[in-house]
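Enquirer: everything below, folded, please.
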Amino acid sequence: MKLTVVAYLIVATIVLVFLTLTPTSRHHHHHHRHIGRRLGHKHAPFDPLVGKLERLMEERSSGGGAIDNGNHHHSLSSVTTGNNWDSFSGNDGDELDREEEEYLRDEEVSFNITKRLLTMFPLIDKDPKDGYISLKELENWNVERAVERLNYKTMKEMRLHDLDGDGSLSLSECLHRFSLTNLEKNDMAPGQAGWWKEQFSIADADGNGFLNFAELNDFLNPKDSENEEIQVWLLREKIRYMGNDKDGKLNFVEFRDHAYDIYKFHAEYEYNVNDIPKPEQKFAELDFNHDKFLTVEELLPILHQLYPGEITYATYYAKYLIREVDADKDGKLTINEMLNNEEIFYSKVFEKEFDNEEDNEDDDFDDDDDYYFHDEF
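Expert: Residues are numbered from 1 along each chain as shown. Now for the predicted structure:
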């Protein structure tokens, strides 16, 4: 299967424009709610070259091939992984890097999907290198792509807003869109200055008043943070309006009505549906002290089912690929299975849908409130 790079960029642009123009409700009151997960828009592309092309398209749409705030000039055609901005994945990625550079230099070159999969297969099949891609190997690969994208987004914000070039952002650099009056008012409502200041303070792990790269990553991507304080804050914000008494914890009815369906919805990506415990069972399992309430700390074990981030979606994507491509159902992929289903690896959207017929008026786990964690700058 072949696509030209120009064709890919055109299609990707149309998709992005469609998503941008599609109206999204910001209301938290629903009478009939239909939850659809378009995981294609939640996970990083399977092919790192596609990720590079998306970033290249973004650079060109913004009028330049690099991020430049007057102090820095950084080409975004180089993929970022971890703290290494110079290569895709060390020595293991050298062959892939050379091929990617050919595509990036010549936009008219044919995008040969078969060739891409043949090139990537041995890079994914490495632990052990046995001619098969296991679920774990596929998860590791997809998580690497997700980390790349998160690092790219964080690096972009750092480059744009680190005006003094010290490699960190102050509170004023992060919250420059708020006036001094707003900052002093310290409104703690979600999305207001005090709310962001609290998140900044929690992300500032060393307490020096500045966010380094890792701290900024936590600030921008709290759903993917491994910082337990960030996780507690995130859960606290998600459950604070669930109960009638606003006590910051859930009784069984509140858990069943506002949290369990979302937990089950995402757990179905991870487990056989018959293995997922019923509401009463899950509540009892989480209620460590048996006081008939679930605190934020007791909900931490299911944080990623209640509120999955991009890294969690990367693991879901791996399970989806195994389920769709593994013809002999042995739990691993051969190169022939991948080539026989090559379009799946380049499909932008796949869905899992769930209907909730009940009137659910205070569902603070609805994805619509993700906007609280966007557009910080």
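Enquirer: show me what the host helix or strand of Arg60 is packed against.
Expert: Under the criterion of DSSP states H and E, Arg60 resides in helix 48-61. In terms of contacts (3 or more Cβ pairs under 8 Å, 6 or more residues apart in numbering; DSSP states H and E), helix 48-61 is packed against helix 5-21, helix 94-105, helix 135-161. Just so you know, the C-beta spots here come from the backbone N, C-alpha and C atoms, and that holds for glycine as well.
Enquirer: going by mean pLDDT, which of the ones you listed comes out lowest?
Expert: For the helices and strands packed on helix 48-61, mean pLDDT drops lowest on helix 5-21, to a mean of 44.
Enquirer: below-threshold pLDDT in the stretch 251-377 of the chain: ranges please.
Expert: For the stretch 251-377 of the chain, residues meeting the criterion pLDDT under 70 lie at 348-377.
Enquirer: can you check the stretch 101-250 of the chain too?
Expert: 101-110, 243-245.
Enquirer: can you give me the strands for it?
Expert: For the stretch 101-250 of the chain, the strands defined by DSSP state E, counting those that start in this stretch occupy 110-112, 133-134, 169-170, 210-211.
Enquirer: nearest to Thr315, out of the ones you listed?
Expert: Evaluated over these, closeness to Thr315 peaks at strand 133-134, with 13.1 Å, by Cβ to Cβ.
Enquirer: closest to Val232 out of the strands of the stretch 101-250 of the chain?
Expert: Nearest to Val232, of the strands of the stretch 101-250 of the chain and by Cβ to Cβ, is strand 210-211 at 18.5 Å.
Enquirer: name every strand pairing with the closest one and say which way it goes.
Expert: Sheet pairing for strand 210-211, assigned by DSSP bridges, gives strand 169-170 (antiparallel).
Enquirer: for the strand it pairs with, which outside residues touch it?
Expert: 157-158, 161-162, 209-211, 216 (Cβ atoms under 8 Å, 6 or more residues apart in numbering).
Enquirer: and the helix holding Arg60, which residues are buried?
Expert: For helix 48-61, burial by neighbour count (16 or more other Cβ atoms under 10 Å) applies to 48-57, 59.
Enquirer: count the neighbours of Glu285 for me.
Expert: 12 (other Cβ atoms under 10 Å).
Enquirer: quick one: it and Pro277 touch, right?
Expert: Yes. Applying Cβ atoms under 8 Å, one finds Glu285 in contact with Pro277, separated by 6.6 Å.
Enquirer: rewinding a little: nearest to Ala327, of the strands of the stretch 101-250 of the chain?
Expert: Between the strands of the stretch 101-250 of the chain, strand 133-134 lies closest to Ala327; by Cβ to Cβ that is 13.4 Å.
Enquirer: my read is that His161 contacts Cys174, right?
Expert: Yes. Contact criterion Cβ under 8 Å: His161 and Cys174 qualify, at 7.1 Å.
Enquirer: between these two, who's got more neighbours?
Expert: Cys174 (23 against 17).
Enquirer: name the nearest residue to that one, ignoring sequence neighbours.
Expert: Computed as Cβ to Cβ, 6 or more residues apart in numbering, the closest residue to Cys174 that is not its neighbour in sequence is Phe200, at 5.9 Å.
Enquirer: on that earlier part again, out of the buried residues of helix 48-61, which is nearest to Tyr346?
Expert: Val50 (7.2 Å).
Enquirer: where's Phe283 relative to His290, distance?
Expert: Separation of Phe283 from His290 (Cβ to Cβ, to the nearest Å) stands at 11 Å.
Enquirer: Leu220 too?
Expert: Leu220 is 38 Å from His290, by Cβ to Cβ.
Enquirer: so how many other residues sit close to Val232?
Expert: Neighbours of Val232 (other Cβ under 10 Å): 17.
Enquirer: which residues touch it?
Expert: By Cβ under 8 Å, 6+ apart, the contact list for Val232 reads 296-297, 300.
Enquirer: want to throw those into JSON lines with distance to Tyr269, secondary structure and neighbour count?
Expert: Converted to JSON lines, those look like this (distance: Cβ to Cβ, whole Å; DSSP: H, G, I helix; E, B strand; the rest coil; neighbours: other Cβ atoms under 10 Å):
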{"residue": "Val296", "distance to Tyr269": "24", "secondary structure": "helix", "neighbour count": "20"}
{"residue": "Glu297", "distance to Tyr269": "25", "secondary structure": "helix", "neighbour count": "14"}
{"residue": "Leu300", "distance to Tyr269": "19", "secondary structure": "helix", "neighbour count": "16"}
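Enquirer: pretty sure Thr315 sits against Glu139.
Expert: Yes. With contacts counted by Cβ under 8 Å, Thr315 reaches Glu139, the gap being 5.0 Å.
Enquirer: looking at these two, which one has more neighbours?
Expert: Taking neighbours as other Cβ under 10 Å, Thr315 and Glu139 compare with Thr315 leading, 22 against 19.
Enquirer: list the contacts for that one?
Expert: 139, 142-143, 270.
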